[in-house]
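Student: just a sequence and a predicted model for now, questions to come.
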Amino acid sequence: MATTYRPSRSIEASIIDFLTTNFDADWNNVNIEKSFARVYSIDLPVVCITTNVTRHNRVQVGDYSTVREVNIIIDVFCTSDGQKEDFCDYIVEKLKGGCVYYDFVINNGVVQSKTQNGRIRFKDIEVTPLAFNSDNVHDRYRASISLTTSTGQVEA
């Protein structure tokens with residue numbers, strides 16, 4: 001049975017699709033993940049994209065319409081400090097101009113179709129290097145990129 005993603009999942013899936021396409025074109029053997037749980041069981045480097053906080057900002061007084069802002073977290077797990085810095089700069093460079101927003105239809109966990117429905121704008125981008133005192137190779141060279149996104153679409 002086919003399922004249509006709601007807006008937050010479509011934003012997340014659109015960013016995953018965009019970064020997967022770019023990394024496949026410009027880098028070798030980079031794993032792009034949605035599931036944080038899988039990060040620690042696959043080879044580095046890994047880029048993990050997840051949805052965090054969603055805000056619904058009122059469009060005008062006396063109306064219930066809102067514009068959605070979704071906070072996306074991109075966790076970068078690398079093999080060296082230099083690779084971590086390069087990946088963060090690369091991701092920010094690619095996302096600055098925004099990306100296509102798709103409405104996704106999924107059937108049995110597989111994308112059945114994606115239809116362009118506007119653009120995702122990245123309102124704020126913040127890069128935070130993470131320094132864990134850990135022997136875990138996945139956490140040794142890690143950073144987190146926080147994105148405030150919006151499609152600008154008014155939702156009733």
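Tutor: Received the coordinates, thanks. Owing to the predicted nature of the structure, the values given are computational and were not obtained by experimental measurement. Residues are numbered from 1 along each chain as shown.
Student: tell me the SS of the residue nearest the centre of the chain?
Tutor: Nearest to the geometric centre of the chain sits Ile49, at 4.0 Å (C-alpha atoms, centre = their mean). At Ile49 the chain is in strand, as set by DSSP: H, G, I helix; E, B strand; the rest coil.
Student: how close does it sit to Glu12?
Tutor: 6 Å (C-beta to C-beta, to the nearest Å). C-beta: built from backbone N, CA, C; applies to glycine.
Student: measure the residue nearest to the centre of the chain to Tyr64 for me?
Tutor: 30 Å.
Student: what sits in contact with each of Ile49 and Glu12?
Tutor: Residues touching both Ile49 and Glu12 (C-beta atoms under 8 Å, 6 or more residues apart in numbering) are 34, 72.
Student: so, low pLDDT: which residues of this protein?
Tutor: Scanning the chain for pLDDT under 70 picks out nothing.
Student: that one: strands as residue ranges?
Tutor: 2-4, 31-33, 46-58, 66-78, 99-107, 110-130, 141-155 (DSSP state E).
Student: neighbouring strands for the fourth one, and are they parallel or not?
Tutor: For strand 66-78, the paired strands and their directions (DSSP bridges) are strand 46-58 (antiparallel), strand 141-155 (antiparallel).
Student: looking at the protein, which residue reaches furthest from the middle?
Tutor: Here the chain reaches farthest from its C-alpha mean at Gly62, the gap being 33.1 Å by C-alpha atoms, centre = their mean.
Student: can you list the buried residues in the longest helix along the chain?
Tutor: In the chain, ranked by residue count with DSSP state H as the criterion, the top helix is helix 7-26. For helix 7-26, a neighbour-count test (16 or more other C-beta atoms under 10 Å) marks 7, 9-19, 22-23 as buried.
Student: tell me which other helices or strands it touches.
Tutor: strand 31-33, strand 46-58, strand 66-78, helix 81-95, strand 99-107, strand 110-130, strand 141-155 (3 or more C-beta pairs under 8 Å, 6 or more residues apart in numbering; DSSP states H and E).
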